[in-house]
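*Asks:* For reference, the sequence and a predicted model appear below.
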Amino acid sequence: MTETLKPEQHEFQAEVRQVLDLMVHSLYSNKEIFLRELISNASDALDKLRFEALSDDSLYAGDAELRVQVSFDKDAGTLTVYDNGIGMSHDELLENLGTIARSGTRKFLDALSGDARTDSNLIGQFGVGFYSAFIVADQVTVQSRRAGDDETWQWVSDGQGAFTLEPIEDETLGRGTRIILKLKEGESEFLADYRLRSLISKYSDHIAFPIQMHKVQPPPAAEEDGDEDVVDVPADPEWESVNQASALWSRPRQEIEDDEYKSFYKHVSNDFNDPLRWSHNRVEGNQSFTTLLYLPEKPPFDLMMGREERHGLKLYVRRVFIMDAAEQLLPTYLRFIRGVVDSDDLPLNVSREILQDNALVKKIRASVVKRVLGMLEQLSDETETYQAFWKGFGEVLKEGVVEDFSNQEKLLKLARFASTANSDAEPTTSLDDYLGRMNSGQDKIYYVTADSHQAALNSPHLEVFRKQGIEVLLMSDRVDEWMMGHVREYDGKPFQSVAKGDLDLSNLEDEDAKKQREEKASEAAPLLERLKKALEEQVEEVKVSSRLTDSPSCIVLAEHDMALHMQQLMKQAGHEMPGSKPSLEINPDHPLVTRAAAVTDEDRFSDWAHLLFEQALLAEGGQLSDPASYVKRVNQLLTEA
Ligand code: ADP
């Protein structure tokens, strides 16, 4: 008696339903990519099997001829993609084909607009994958047996929200996965030998395993009826390879077409867009290896979220796939680079632990970094392309300025900033541009950091620089403050924050201006004394400013203190911020300051002093410890006025 079990019923995770829905609508005009995605997954499954079999070759179970097979049944309206790769167990089917594991998926979905055109771009970046089968199929059946297991499981779904899972008896499957698409009405173009062959060579020629289709016999010439796709498949057909089946990166550069590089990129990156650039190199010597590195055009949506997510290159050893995301081959700040490293000399049983301090790996990594920076340097000659690239990836590259000291100068050369010399907010100024525009007598690179471009642009610290026509770099990325804490100079010129430390512009000042300033300082001495007393708790020192021309006062931090807007962030994140007290600088010519000086009553004077301090704090992106008192003071003074 055979027991009949009811198939298990499962719901898709809510995110999957949403992705499915979006995909079907926004990618319809690109529907043929589903085949690329299924073949790509099949090839990954073959890679994984070959890797696991390195330590346990019983997994091959007598079938070591790894392959992908694509076939169709016109009458049934089905298209089948089969691979004898690693396969999936019950739990893996449940996990892999019912949920989306990538962190940030929710955020990503919220960012979608519902406009098919924009969404198709975004969803492409997200990685399309298995679910793209539902663009052309109204039912998908996955039959799979995990290598080494003896159970075959069948997963079936119409892509509407649920799927079933049940064990099946299937003598023909053996190990691996068979995906059967029941094509939607109107999709019969994919039931044609010629069409499928041309899709495979268009998208999957670079796959290193044979992709096979049935050998076909051309129809007898006499029956020729003009329809080119009338071909006979014999009853027990033979299979033949329709792709080159050699690892793309192992072929000589001059023999590879750009389109092949591009479709390989899509395979390794899960990116839907073309790459911006690539670099393919072979290093020969006592250590030999090949690298094929790609620069994406657009940042993936999670670039700044999970610093480690999908970070790294695919590692192969003598054409055998070893691991994905081999992060040892790439520093974190280059986590957006995609591609392949194939080493001739690493052992096949290399593990992540071994990679960690392996001399050869270090050598490969250094070579990868050098290639990438070289690629970026070349790209930087193409001003517009590079600016667009920098907008997407600049923040990440700035991490490298701190983390990769040996390449700091190169990375600084690649960096672009907004500047007082440009009217727009875009980061388009390089440090070399800045040096080229420096005034005679200027010996420093001036910059200001703030939490937004507007705040940087309006910083009172810029006043004297505007007046004297000195360019200042405007930095408002989160990483800027941290980065600038780790750089000393560029091309021999030190960096100087306009908001920190003593500002010595004396060698840019003429003698008269200098004398005037010194006179003012001595005249203001009694006022400074009074201010200092009133603001004892808040400030370290009160000085006459050489920075201000229009504002009454500004806050100046010690050379090594963190900018106020960053201190604020750190406090919000629960960090203690010890730091020293800032200084207050005043502009003795400003009417508010002269009025304050004229106040004789010490209590009233204290109000004025606090006002000057609090205004300066606000302008700097700082936060008032007692906003209500500030408002009261302002109101009172306004009323009196
Ligand atoms: P991705 O390939 O980007 O991870 P997919 O949605 O394409 O996302 O696939 C999800 C997972 O399902 C894969 O990571 C893999 O583990 C598994 N999978 C898909 N197709 C196959 C296959 N043919 N053989 C084995 N596992 C597969």
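*Replies:* Happy to help now that I have it. Residues are numbered from 1 along each chain as shown.

*Asks:* Name the residues of stretch 133-140 that are buried.
*Replies:* 133-137, 139-140 (16 or more other CB atoms under 10 Å). No exception for glycine: its C-beta is placed from N, CA and C like everyone else's.

*Asks:* and of those, the nearest to the ligand?
*Replies:* A133 (9.3 Å; CB to the nearest ligand atom).

*Asks:* just checking, the closest one touches I180?
*Replies:* No. The criterion here is CB atoms under 8 Å, and A133 misses it with I180 at 9.8 Å.

*Asks:* related to what we said a few turns ago, farthest pair within the buried residues of stretch 133-140?
*Replies:* Maximum pairwise distance in the buried residues of stretch 133-140, criterion CB to CB, is 13.2 Å, between I135 and Q139.

*Asks:* Return every residue with contacts to both of A133 and I180.
*Replies:* V140 (CB atoms under 8 Å, 6 or more residues apart in numbering).

*Asks:* Could you check which residue of the stretch 151-300 of the chain lies nearest the ligand?
*Replies:* T177 (3.9 Å).

*Asks:* helix/strand/coil for that residue?
*Replies:* Using DSSP: H, G, I helix; E, B strand; the rest coil, the structure places T177 in strand.

*Asks:* confidence score at the spatially closest residue to it that is not a sequence neighbour?
*Replies:* Nearest residue to T177, sequence neighbours excluded (CB to CB, 6 or more residues apart in numbering): S144, at 4.3 Å. pLDDT for S144: 97.

*Asks:* Mark out where each domain of this protein begins and ends.
*Replies:* Using automatic domain parsing, the domains assigned to the chain come out as 8-246, 249-379, 383-498, 520-558+572-640.

*Asks:* Could you say which one of those comes nearest to D504?
*Replies:* Closest to D504 of those, according to CB to CB: domain 520-558+572-640, at 8.1 Å.

*Asks:* That closest one spans what distance, first to last residue?
*Replies:* 28 Å (CA to CA, to the nearest Å).

*Asks:* And stretch 428-439, by the same measure?
*Replies:* 20 Å.

*Asks:* average pLDDT for it?
*Replies:* Here the average pLDDT along stretch 428-439 is 95.

*Asks:* Next: stretch 21-34.
*Replies:* 85.

*Asks:* What is the end-to-end distance of it?
*Replies:* 15 Å.

*Asks:* anything in it near the ligand?
*Replies:* No. Stretch 21-34 lies out of reach of the ligand by CB under 6 Å from any ligand atom, never closer than 10.5 Å.

*Asks:* residue in the protein nearest to the ligand?
*Replies:* Proximity of the chain to the ligand (CB to the nearest ligand atom) peaks at G129, 2.6 Å away.

*Asks:* Need the pLDDT of the nearest residue to that residue once chain neighbours are set aside.
*Replies:* What sits nearest to G129 in space, not counting adjacent residues and going by CB to CB, 6+ apart, is E37, at 5.6 Å. pLDDT, E37: 89.

*Asks:* I'd say E37 and I135 touch.
*Replies:* No. Contact criterion CB under 8 Å: E37 and I135 do not qualify, at 9.7 Å.

*Asks:* Can you give the contact residues for stretch 503-518?
*Replies:* With CB under 8 Å, 6+ apart as the test, stretch 503-518 has contacts from 439, 441-443, 464, 468, 470, 496, 544, 546-547, 556.

*Asks:* The residue nearest to V396 when sequence neighbours are not counted: what secondary structure?
*Replies:* Distance criterion CB to CB, 6+ apart; nearest residue to V396, sequence neighbours excluded, is Y333 at 5.6 Å. When classified by three-state DSSP, Y333 comes out as helix.

*Asks:* Let me know how buried Y333 is, in neighbour terms.
*Replies:* 22 (other CB atoms under 10 Å).

*Asks:* Test my guess that it contacts E395.
*Replies:* No. Applying CB under 8 Å, one finds Y333 not in contact with E395, separated by 9.7 Å.

*Asks:* got a list of what the residue of the stretch 151-300 of the chain closest to the ligand touches?
*Replies:* Counted by CB under 8 Å, 6+ apart, T177 has contacts 42, 45, 82-83, 85, 87-88, 142-145.

*Asks:* is it fair to say H10 lies in a strand?
*Replies:* Yes. Using three-state DSSP, the assignment for H10 is a strand.

*Asks:* For burial, what's the neighbour tally of F289?
*Replies:* Neighbour number of F289 under other CB under 10 Å is 22.

*Asks:* likewise I180?
*Replies:* Using other CB under 10 Å, I180 has 21 other residues around it.

*Asks:* can you confirm it is in a strand?
*Replies:* Yes. Assessed by three-state DSSP, I180 belongs to a strand.

*Asks:* pretty sure it contacts Y82?
*Replies:* No. Under the criterion of CB under 8 Å, I180 is not in contact with Y82, lying 9.1 Å apart.

*Asks:* Identify each buried residue in the helix or strand where H565 lies, please.
*Replies:* Secondary structure from DSSP states H and E places H565 in helix 564-572. Residues of helix 564-572 classed as buried by neighbour count (16+ other CB under 10 Å): 564-569.

*Asks:* By mean pLDDT, flag the weakest helix or strand of the chain.
*Replies:* None of the helices or strands of the chain scores lower by mean pLDDT, DSSP states H and E than helix 116-126, at a mean of 66.

*Asks:* For the residue nearest to the spatial centre of the chain, which residues are in contact?
*Replies:* Centroid-nearest residue in the chain, with CA atoms, centre = their mean: L303, separated by 2.7 Å. By CB under 8 Å, 6+ apart, the contact set of L303 is 335-336, 393, 396.

*Asks:* can I get those residues in a markdown table with pLDDT?
*Replies:* Formatted as a markdown table, these follow (pLDDT from 0 to 100):
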| residue | pLDDT |
| --- | --- |
| R335 | 91 |
| F336 | 92 |
| F393 | 95 |
| V396 | 93 |
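
*Asks:* In ChimeraX, select just the buried ones from these.
*Replies:* Buried residues among these (16+ other CB under 10 Å), as a ChimeraX selection:
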select :335,336,393,396
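
*Asks:* what sits against Y316?
*Replies:* Applying CB under 8 Å, 6+ apart, we find Y316 in contact with 247, 322, 340-343.

*Asks:* taking the residues you listed one by one, which sit in helices?
*Replies:* Counting by DSSP state H, these place none of their members in helices.

*Asks:* The residues you listed in strands, which ones?
*Replies:* 322, 340-343 (DSSP state E).

*Asks:* What subset of those residues is buried?
*Replies:* Judged by 16+ other CB under 10 Å, buried ones among the ones in strands among the contacts of Y316: 322, 340-343.
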